[in-house]
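Here is my input, please return the structure:
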Amino acid sequence: MRYIAITGAAQGIGRGLAAHFLSHGDCVVNLDRHEGPNDALAADPRFRSLVCDVTEPESIRAAFAALDWPQIDVLVNCASIFSTLTMQPFWEITPAEWRRVVDVNLNGSFFVTVAALDYLKASAAGRVIHFSSAVVPMGRPNYLHYVSSKAGIIGMTRAMARELGEFNITVNAVLPGATVTEIERETVSPEQMQAMISARSIARAQRVDDVTGIVAFLASDAARFMTGQALVVDGGLVFNGA
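Model prediction:
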């Protein structure tokens, strides 16, 4: 049995990851500003949900202090802002919106990892898995704040991998493409989604379970010698990595 901490597991890909790890006998804690999920997932005795703000170090530390785990074996930084963003040229992005996106998507992953570090060091083989995005190698226009925040994740992944190797902690990033979840996507119209699907080598919609497998691999012993890597999982829409 492993101890898995996931940010943003109340919904979307994070929720799918929580369900996957629980189905394999792991203990999972959701770190999220939302209370949920209030369903069969929450009824599992190995699942906990702690409310915290990933942009506030004190809030994160308080959440970890309420956790009675001896260690964290896998930390997945999945929480991010995307679905509510409006497409716009970068010169129309307000300073407040720029800071908000960078604060959640980049700073949040940094703050949570710092707060979890002692728990990760207590594991025999800690894993940190950050969520970036396939929009980074794509260079998708009209989302400069989002693309920049997710590009920062890749740099952070590589530098963290250098610093945490001595503790036998691996650090990798997953770059998913546009994934269909229960969350309504104001940012992706049906026409845009179909255009992306048509451009993929595997021309179908991307599901949550297309992402859980690669995360499970990175969390496993099979990936024990892989660190500092950024893996694109988008059905072959982009090939040039990150």
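
In the chain, which residue is most central in space?
Closest to where the C-alpha atoms of the chain average out (Cα atoms, centre = their mean) is Cys78, at 2.1 Å.

Touching, that one and Phe131? I think so.
Yes - using Cβ atoms under 8 Å, Cys78 is in contact with Phe131, at 4.9 Å. To be clear about C-beta, it is placed using only N, CA and C from the backbone, and glycine gets the same treatment.

Identify the contacts common to these two.
Common contacts of Cys78 and Phe131, defined by Cβ atoms under 8 Å, 6 or more residues apart in numbering, comprise Ile13.

lowest confidence element among the helices and strands of this structure?
For the chain, counting by mean pLDDT, DSSP states H and E, strand 179-180 ranks last in confidence among helices and strands (a mean of 72).

Give me the helices and strands touching whichever helix or strand comes after that strand, please.
Per DSSP states H and E, strand 179-180 leads on to helix 190-199 as the next helix or strand towards the C-terminus. Packing partners of helix 190-199 (3 or more Cβ pairs under 8 Å, 6 or more residues apart in numbering; DSSP states H and E): none among the helices and strands.

what sits up against the longest helix anywhere in the chain?
If you go by DSSP state H, the chain has its longest helix at helix 144-164. Residues from elsewhere that reach helix 144-164, judged by Cβ under 8 Å, 6+ apart: 80-82, 85, 90, 93, 97-98, 101-102, 104-106, 109-110, 113, 120, 126, 128, 130-133, 135-136, 139-140, 170-173, 175, 227-230, 242.

who does the helix or strand containing Val29 pair up with?
Here Val29 sits within strand 27-32, counting by DSSP H and E. Paired neighbours of strand 27-32 in the sheet (DSSP bridges): strand 3-7 (parallel), strand 47-51 (parallel).
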